[in-house]
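Chemist: model the structure of this input:
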Amino acid sequence: MASKLEAFAKKNGVKYFLVNFTDLSGFQRSKLVPATAIAGMEEEGAGFAGFATYLDMTPAYPDMFAVPDPDSVIQLPWKPEVAWVASDLAMEGKPVEQGPRVVLKRQLEKAKKAGYIFKTGVEAEYHLISEDGTALSDPRDTAPKPCYDQQAVMRRYDVISEICDAMIGLGWGPYQNDHEDANGQFEMNWDYADALVTADRHAFFKFMVKSISEKHGLRATFMPKPFVNLTGNGLHMHLSLWDKKGEKNVFADKKGELGMSERAYHFLGGMMKHAIGMSAITNPMVNSYKRLNAPVTLSGATWSPNTVTYGGNNRTHMVRIPDAGRFELRLADGAANGYLFAAAVLAAGMDGMENETDPGKRLDIDMYADGHKVRGAKKLPLYLIDAIREFEKSKMLRASLGEELHDAYVKIKTQEWNDYSRHLTDWERANTLDC
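Modeler: Predicted structure coming up:
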């Protein structure tokens, strides 16, 4: 069979390919493969030692191969002699069950067999900071309410426009760029697509933003809460379910409440039911919970949820219904693995539809101001270890995402929590030395 990637390289002047995969902690791994060797890699995959990444493997495991998906190939706009291609992990001829992209593809296949296509769009927030990571890159970006600040966004025009021009050239359909609620924080939006396409683009977007920022002598971070007094970096997902032809939005119903169908509300019920366990995926780092449970920031609001609630066009809830036919899930942060994020949300929603789960009452209140008046609303986890324990207990997530993925994720994230717990902080010394 002719090599699609080899043909792509000849047509576009590509000399090298980054054969890429994302591990369980969301870190991107690649091998730089010359175009002259890509045909063999396309058939057999590029070899990796799984133990050297955040996968639950040992040095005794056989070689792991990242088999590139030609449909995902993207030529680097800032370095066009190189192309990036997402891959599926395999070992001894079988899919690696803990491979995040493998898990998402299997979940999408389950949905397809049930007659559905899952479509998503993400809002990936990030900060532009100094190269050493200690401060914001723009010393003049100090306004207490900097959101949509015209001067601040134009001072970063060279970076923002280069990223946006790249997305235009790639055909992603970017439609707006803005300075976000925190000093030094930005958001860039592009068109929604099938969930796998969005997950691949999200992975590439993070790589692209970091690379172009470095090119301009800056550093980009998607860290959930990089500065204690500023709003953190969210990863809001806009989601909808479509028929198997991708032509009809099954969430949309003109006669339904807020233009949403009964199936949509059952999908929402699943997300609400499994939100606490799912938060180990959507908010995967120790630092994540300093965003979710943050006190009021400099701007006056955290813009992140801390309870499992939903409302209409109301940004103080975990789930917002901005208009007919789609939900906005505001739970996840910038550290989330885009593949596992989409897989977990789809699994929860499909479970809700299968069991006709009631999402409960819509709350048309300001949760930041009046949330304390709501009885029975479930609180999101305070710490990563709480989320891990809920994830570990979830029979649905274990069954849907696969036992190997489930157990590997719990193991790796528990190790991460234990490493953090052994760390002695300056706060502890300052407040405990004289106890």
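Chemist: every contact and neighbour count from this point should use C-alpha atoms.
Modeler: Fine.
Chemist: strands of the stretch 151-300 of the chain, start to end?
Modeler: 174-179, 185-190, 193-194, 219-221, 235-243 (DSSP state E, counting those that start in this stretch).
Chemist: what about the longest one, average pLDDT?
Modeler: Averaged across strand 235-243, the pLDDT comes to 98.
Chemist: what packs against that strand?
Modeler: The contact analysis (3 or more CA pairs under 8 Å, 6 or more residues apart in numbering; DSSP states H and E) places strand 235-243 against strand 116-124, strand 326-329.
Chemist: what's the closest of the strands of the stretch 151-300 of the chain to P80?
Modeler: The closest of the strands of the stretch 151-300 of the chain to P80 is strand 174-179. By CA to CA, the value is 20.0 Å.
Chemist: now the closest one: average pLDDT?
Modeler: Confidence for strand 174-179, expressed as mean pLDDT, is 98.
Chemist: quick check: angle from it to strand 185-190?
Modeler: If you take axes from the mean of the first three to the mean of the last three CA atoms, to 10 degrees, strand 174-179 sits at 170 degrees to strand 185-190.
Chemist: paired strands for strand 174-179, with orientation please.
Modeler: Note on strand 174-179: by DSSP bridges, its sheet partners are strand 185-190 (antiparallel).
Chemist: next, the angle from the strand it pairs with to strand 235-243.
Modeler: Per the same axes, to 10 degrees, the angle that strand 185-190 makes with strand 235-243 is 20 degrees.
Chemist: let's have the helices and strands packed on strand 235-243 in TSV, adding mean neighbour count, mean pLDDT and distance to L380.
Modeler: Formatted as TSV, those follow (neighbours: other CA atoms under 10 Å; pLDDT from 0 to 100; distance: least, CA to CA, whole Å):
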stretch	mean neighbour count	mean pLDDT	distance to L380
strand 116-124	22	98	21
strand 326-329	24	98	14
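Chemist: so for M208, which of the strands of the stretch 151-300 of the chain sits nearest?
Modeler: Of the strands of the stretch 151-300 of the chain, nearest to M208 by CA to CA is strand 219-221, at 9.9 Å.
Chemist: neighbouring strands - and their directions - for that closest one?
Modeler: In its sheet, and by DSSP bridges, strand 219-221 pairs with strand 126-129 (antiparallel).
Chemist: and of the strands of the stretch 151-300 of the chain, who's closest to L5?
Modeler: L5 lies closest, by CA to CA, to one member of those: strand 193-194, at 22.0 Å.
Chemist: which helices and strands does that closest one pack with?
Modeler: strand 116-124.
Chemist: just the CA trace of the strand it packs on, in PDB.
Modeler: Below are the C-alpha coordinates for strand 116-124, written out as PDB (Å, rounded to 0.1, in the frame of the first residue of the first chain):
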ATOM      1  CA  TYR A 116     -24.200   8.900  17.300                       C
ATOM      2  CA  ILE A 117     -21.300  11.100  16.400                       C
ATOM      3  CA  PHE A 118     -19.700  13.200  19.200                       C
ATOM      4  CA  LYS A 119     -18.700  16.700  18.300                       C
ATOM      5  CA  THR A 120     -16.700  19.100  20.500                       C
ATOM      6  CA  GLY A 121     -14.900  22.400  20.600                       C
ATOM      7  CA  VAL A 122     -12.500  23.600  23.300                       C
ATOM      8  CA  GLU A 123     -11.500  26.900  24.800                       C
ATOM      9  CA  ALA A 124      -7.800  26.500  25.800                       C
END
